[in-house]
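Novice: Predicted model follows, preceded by the sequence.
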Amino acid sequence: MSHVLEVDNVSAAYRKNKVLDQVTFAVEQGTLTGIVGPNGAGKSTLIKTLLQLHPSLGGNVTFFGHSLKAEKTRVGYVPQRGSVDWDFPTNALDVVMMGLYQKIGWFKWPMRRHKEKAFEALEKVGMGAFAERQISQLSGGQQQRVFLARALIQEADLYFMDEPFAGVDASTEKAIMTILKELKNNGKTVLVVHHDLQTVQDYFDQVLLLNKSVIAHGPTQQVFNAETIANAYGGAVRWMKEGINNGHPSLQ
């Protein structure tokens, strides 16, 4: 399997506070990776730094063996829902079509086929009936589905998703997870910032445990265990007994 993402000694800070310290890891094609760690561990900052949305203090990042600029059309990004101005006067269909602007050009008018493609993406995430609805009128889960559709329409090979399950209902979480696993099965690579330790083993085949630096990275069944979780969370985790919640960890 080939590496679609290679991260070598990447560091980053907010003002004088270092939030990423010599982060190094590589991601193989066709994997679904959960980025897990405590609050303030640098999970969202990691994604933003890799995508050059936050300045790096050093290190090197390659996408498919090249720079981000060279491979930008192959990379999709779903930001945190809370970072978006949902009062902006636009509807769900227009938001999804924004995912096509790199291909059709920012100053070119979308054609009928582009609108049809955007509507198909909305249908895929169960939002076809809301295509003309203003985004400010959508629930949190519906907004997240729209953002997922915008990423899907890019037809990227590598996706970054920052807390896609935050503030959504159970049906939306299930729908999103179905799509992520479908992407993986189609050879796409997905990295997801995730908070719920109890679903990590069910959702991801790879896990990156992060607390400013990489605590562990690899197949979930191998590296997601009591020791690595305690190291990442500073020991504030208990490992539930076998037979209770399938031995999954939970925060105390």
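Specialist: On my side now, so go ahead.

Novice: Contacts for stretch 112-125, please.
Specialist: Here stretch 112-125 makes contact (Cβ atoms under 8 Å, 6 or more residues apart in numbering) with 92-93, 96-97, 99-100, 104, 128, 130-131, 145-146, 148-150, 152-153, 175-176, 179. For every residue, glycine as well, the C-beta is placed using N, CA and C.

Novice: Can you say which of these are buried?
Specialist: Buried members of the contacts of stretch 112-125, counted by 16 or more other Cβ atoms under 10 Å: 92-93, 96-97, 99-100, 130-131, 145-146, 148-150, 152-153, 175-176, 179.

Novice: in which helix or strand would I find Pro38?
Specialist: Following DSSP states H and E, there is no helix or strand that holds Pro38.

Novice: So which of the contacts of stretch 112-125 are in helices?
Specialist: 92-93, 96-97, 104, 145-146, 148-150, 152, 175-176, 179 (DSSP state H).

Novice: What ranges does the protein have for its helices?
Specialist: Per DSSP H, the chain carries helices over the ranges 43-50, 68-71, 92-97, 101-104, 112-124, 140-152, 170-185, 200-203, 220-223, 226-233.

Novice: what's stretch 139-153 in contact with?
Specialist: Under Cβ under 8 Å, 6+ apart, the answer for stretch 139-153 is 76-79, 81, 84, 86, 92, 95-100, 117-118, 121-122, 124-127, 130, 135, 138, 159, 161, 164, 166-169, 171-172, 175-176, 179.

Novice: Can I have the buried ones of those residues as a ChimeraX selection?
Specialist: Selection of buried members from those for ChimeraX, criterion 16+ other Cβ under 10 Å:
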select :76,77,78,79,81,86,92,95,96,97,98,99,100,117,118,121,122,124,125,126,127,130,135,138,159,161,164,166,168,172,175,176,179
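
Novice: Mind checking which residue lies nearest the centre of the protein?
Specialist: In the chain, the residue lying closest to the centroid (Cα atoms, centre = their mean) is Met161, at 1.5 Å.

Novice: mind checking pLDDT for Ile153?
Specialist: At Ile153, the model reports a pLDDT of 91.

Novice: Need phi/psi at it.
Specialist: Main-chain torsions, Ile153, degrees, to the nearest 10: phi -70, psi -20.

Novice: can you offset everything so residue one is 13?
Specialist: All right, first residue 13 from here; so that's Ile165.

Novice: if I look at it, how far off is Val235?
Specialist: 33 Å (Cβ to Cβ, to the nearest Å).

Novice: which residues sit in contact with Ala168?
Specialist: Thr85, Arg86, Val87, Gly88, Lys200 are the contacts of Ala168 under Cβ under 8 Å, 6+ apart.

Novice: Could you rerun that using 7 Å?
Specialist: Neighbouring residues of Ala168 by Cβ atoms under 7 Å, 6 or more residues apart in numbering: Arg86, Val87, Gly88.

Novice: Please report how far the closest residue to Gly230 other than its chain neighbours lies from Leu69.
Specialist: Leaving aside its chain neighbours, Gly230 sits nearest to Gln218 (6.7 Å; criterion: Cβ to Cβ, 6 or more residues apart in numbering). For Gln218, the distance to Leu69 equals 26 Å [Cβ to Cβ].
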